[in-house]
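> Structure here, sequence nowhere to be found:
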């Protein structure tokens, strides 16, 4: 239930945000909907690389 509501909200806001930025002249708009988290870029590294 919560996931469905989140998806509806995300979709609604996404359309508004994309429309606004396209109005400013941007052609491509990329959004990170997972929010900034310290160390999140390390998640894509293998375990060996994270230990170094």
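Yep, it's here. These numbers were taken from a predicted model, which means no experiment stands behind them.
> On the three-state scheme, the most centrally placed residue in the chain is what?
The centre of the chain sits closest to residue 32, judged by CA atoms, centre = their mean, with a distance of 1.9 Å. Three-state assignment for residue 32 (DSSP: H, G, I helix; E, B strand; the rest coil): coil.
> just residue 17 next, same as before
Three-state call for residue 17 (three-state DSSP): helix.
> Isn't it up against residue 24?
No - taking CB atoms under 8 Å as the definition, residue 17 is not a contact partner of residue 24, at 11.1 Å. Any C-beta I mention is one placed from the backbone N, CA and C, and that applies to glycine too.
> Pick out whichever of these two has more residues nearby.
residue 17 (12 against 7; other CB atoms under 10 Å).
> got any ranges where the chain has weak pLDDT?
Residues of the chain meeting the criterion pLDDT under 70: 1-3, 5-6, 9, 33, 35, 47-52.
> switch to 80 and redo it
Applying pLDDT under 80 to the chain flags residues 1-12, 31-52.
> where do the helices sit along the protein?
2-23, 47-51 (DSSP state H).
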